[in-house]
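Asks: Predicted model and sequence follow; I will ask about them next.
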Amino acid sequence: MTSIQLDEAAVRVPLPGRGEREILAPTTLTLTEWRVAVIGANGSGKSTLARLVNGLVRPSSGRVLVDGLDVARDGAAVRRKVGFCFTDPAAQLVMPTCVEDVELSLRRTVADADERRRRAMEVLSAHGLADHAHDSVHSLSGGQRQLLALAGVLATDPVVVVADEPTTLLDRANTRRVADRLLGLEQQLVLVTHDLDLAARCDRVIVVDAARVVADGRPDEAIVHYTDLVDA
Ligand SMILES: Nc1ncnc2c1ncn2[C@@H]1O[C@H](COP(=O)(O)OP(=O)(O)OP(=O)(O)O)[C@@H](O)[C@H]1O
């Protein structure tokens, strides 16, 4: 597995006229597990933590390293290694048709247009979306759209996939499809989720509360910590 290292990484944002607010306290973690879940209340700092891993958010202090690459210094190289899947697939599906969207993901790695089309069709087939290749992305169901977004991310061959609440907008059946796909990936997964059943299927669970990691370890123990926190 890849090594994701946070070394006293903290994120602060300016508060107009009132100094700064810490949205992630200095955090030190080494993630080498296959599937790591990040859970916690709304606004606790989960997305901030996840976004640090691919450089969407820069640490205000401290460092974030992916396989030894510093996210602040080697951002482009890190983003080639770390794919990011958003809650709302609309944030990343920008082309008119499904096949064109996957081709867009491949534009940097596959120069030849015919080869790019062939590879994009392969990717769609692997995700059960070949029949929709020439359909508008808007004609897909929510679950299919999320799978297409994930297909686009995987087409770039990342070694880590960070998924930020990828099942939040989905019904039960689609949640299961997308979750099975994500949890079955060979890549290392960092999964931000409110779904404790999904967290329980991961190898390690990190609980974030009020901008701090407050529990970290085996899923059963960390989830109990979180539910105790909510019930307190
Ligand atoms: N760029 C920013 N500027 C100001 N505040 C921010 C910024 N990004 C995040 N925040 C604030 O930091 C806090 C943590 O945000 P974050 O998105 O990490 O929470 P979260 O745990 O992922 O929440 P949710 O479960 O609701 O998605 C929130 O209060 C949010 O409003």
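Replies: Structure received. No experiment lies behind these values; they were computed from the predicted model shown.

Asks: Return stretch 44-53 as CSV; C-alpha atoms alone will do.
Replies: The C-alpha coordinates for stretch 44-53 follow below in CSV (Å, rounded to 0.1, in the frame of the first residue of the first chain):
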residue,chain,number,x,y,z
SER,A,44,-16.1,18.5,12.0
GLY,A,45,-13.2,18.6,9.5
LYS,A,46,-13.5,15.3,7.6
SER,A,47,-13.5,16.8,4.1
THR,A,48,-10.6,19.1,5.0
LEU,A,49,-8.6,16.1,6.1
ALA,A,50,-9.5,14.2,2.9
ARG,A,51,-8.7,17.1,0.7
LEU,A,52,-5.2,17.5,2.3
VAL,A,53,-4.4,14.0,0.9
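
Asks: Contacts for it, please.
Replies: Residues outside stretch 44-53 that contact it (CB atoms under 8 Å, 6 or more residues apart in numbering): 4, 6, 9, 11, 23-24, 27, 38-40, 57-59, 64, 66, 71, 82, 84, 160, 162, 164-165, 190, 192, 206, 208-213. Glycine gets a C-beta too; all of them are placed from N, C-alpha and C.

Asks: Any residue of it touching the ligand?
Replies: Yes: among the residues of stretch 44-53, 44-48 lie within reach of the ligand under CB under 6 Å from any ligand atom.

Asks: Quick one, which of these are buried?
Replies: Neighbour-count burial (16 or more other CB atoms under 10 Å) applied to these gives 44-48.

Asks: Return the member of the residues you listed nearest to Val94.
Replies: Ser47 (20.9 Å; CB to CB).

Asks: so what's the closest residue to Asp101 other than its chain neighbours up against?
Replies: Counting by CB to CB, 6 or more residues apart in numbering, Asp101 lies nearest to Met95, which is 4.1 Å off, once chain neighbours are set aside. Under the criterion of CB under 8 Å, 6+ apart, the neighbours of Met95 are 101, 103-104, 137.

Asks: Report the secondary structure state of Met95.
Replies: Look at Met95: counting by DSSP: H, G, I helix; E, B strand; the rest coil, its state is coil.

Asks: so how far is Leu148 from it?
Replies: Met95 is 10 Å from Leu148, where distance means CB to CB, to the nearest Å.
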